[in-house]
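J.: with the sequence up front, the predicted model follows.
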Amino acid sequence: MKKIALILVLFLLFPSISNAKNCRKGIPCGNSCISASKTCRIGTYSVAPTPKPKKPTPTAEQVAISKQNFDNAKTQLTRLYKSNSTQTEFYCGCDISWVGKKGVVDFGKCGYKPRKNLNRAERIEWEHVMPAENFGRHLQCWRDGGRKACKKDVTFNKMEGDMHNLQPAIGEVNGDRSNYRYSLFTDMFDQYGQCKTAVDFKERKFQPRDEIRGVIARTYLYMSDKYKINLSNQEEKLMTAWDKMFPPKKWECERNKLIEKIQGNDNKFITSQCN
């Protein structure tokens, strides 16, 4: 009888004895037991939620990828040229008409004749004066998989989106230029009507009109200096000569300042001669 009474007392005092369990080392059991050698009842207790890991603060270079890239550069340059509507297309000097983000040229007005690709000739594209391959091949991502592989590379995005290296060009001429080197090789200009530009597809050479040779030179010198891109001896001699022969004109100086306000840096090879 005493034994039964004792069991009843224990049951009343510890109603959840049937739910008792052995604690594991370091694991809370009930409201207080944290031991491998004790038995305790399971009670109700709260466990603090595991905090979510904080997102790392982006580095300056990671921020730059969202600000200086090819897509953003094209948007900014379209606005810039629409605000300066008297400025012409780069390789042939044709006037540009802007409809939203789309730029077109009047073939009859500037004497341009499409060589082969009418659809591409009808639109303005943003040409890399120094081709993407020239600066991309200095990077490991380009060696791993070309331009596509470099799309996630911060340095490549900055170079590809540098507005000092971008000019509005007739799409067909931009395509024909490809990554051919600038050169002087002919006095005949009959591939694009009255446009004073020529392409040697066999030798992979591109001859630009006189009016833009200084612009090209100062762009190459800028890209080489800013991004530590080696120029060949032939390129360096040609660009140095063109820089001296064709000094900056008013629009080149103005464009340099406008881009500096947007991008945050100038082309010192232009600034030094404009001031």
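T.: Received it, and whenever you're ready, just let me know what you need.
J.: number of residues surrounding residue 77?
T.: 19 (other CB atoms under 10 Å). Quick note: C-beta positions are derived from backbone N, CA and C, even for glycine.
J.: next up, the contacts around it.
T.: Residue 77 sits next to 126, 163, 166, 168 when contact means CB atoms under 8 Å, 6 or more residues apart in numbering.
J.: tell me where the stretch 51-200 of the chain has helices.
T.: 60-67, 70-82, 107-110, 118-121, 132-136, 140-150, 154-160, 171-177 (DSSP state H, counting those that start in this stretch).
J.: re earlier: and the contacts of residue 77, which of them are in strands?
T.: The strands, defined by DSSP state E, take in 126, 166, 168 from the contacts of residue 77.
J.: which of these sits closest to residue 139?
T.: residue 166 (18.8 Å; CB to CB).
J.: which residues touch residue 156?
T.: Applying CB under 8 Å, 6+ apart, we find residue 156 in contact with 135-136, 139, 141-142, 150.
J.: JSON lines for the residues you listed, including neighbour count, distance to residue 185 and pLDDT?
T.: Output for the contacts of residue 156, formatted as JSON lines (neighbours: other CB atoms under 10 Å; distance: CB to CB, whole Å; pLDDT from 0 to 100):
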{"residue": "135", "neighbour count": "24", "distance to residue 185": "24", "pLDDT": "93"}
{"residue": "136", "neighbour count": "23", "distance to residue 185": "26", "pLDDT": "92"}
{"residue": "139", "neighbour count": "16", "distance to residue 185": "31", "pLDDT": "92"}
{"residue": "141", "neighbour count": "18", "distance to residue 185": "33", "pLDDT": "94"}
{"residue": "142", "neighbour count": "19", "distance to residue 185": "28", "pLDDT": "93"}
{"residue": "150", "neighbour count": "24", "distance to residue 185": "31", "pLDDT": "93"}
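J.: looking at those residues, spot the one nearest residue 72.
T.: Residue 72 has its nearest neighbour among those in residue 150, at 16.4 Å by CB to CB.
J.: circling back: so can I have CSV of the helices of the stretch 51-200 of the chain showing distance to residue 273?
T.: Formatted as CSV, the helices of the stretch 51-200 of the chain follow (distance: least, CB to CB, whole Å):
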stretch, distance to residue 273
helix 60-67, 28
helix 70-82, 21
helix 107-110, 28
helix 118-121, 34
helix 132-136, 24
helix 140-150, 32
helix 154-160, 24
helix 171-177, 26
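J.: does the residue lying closest to residue 221 once chain neighbours are set aside sit in a helix or strand, and which one?
T.: Closest residue in space to residue 221, ignoring its immediate chain neighbours: residue 269 at 4.8 Å, by CB to CB, 6 or more residues apart in numbering. Assigned by DSSP states H and E, residue 269 belongs to helix 268-274.
J.: how about residues contacting that helix?
T.: For helix 268-274, contacts defined as CB under 8 Å, 6+ apart pick out 218, 221-222, 225, 243, 247-248, 252-253, 256.
J.: least confident of the helices of the stretch 51-200 of the chain, on average?
T.: When the helices of the stretch 51-200 of the chain are ranked by mean pLDDT, helix 60-67 comes last with a mean of 53.
J.: could you pull out the buried residues of the helix holding residue 269?
T.: Going by neighbour count (16 or more other CB atoms under 10 Å), the buried part of helix 268-274 is 269-270, 273-274.
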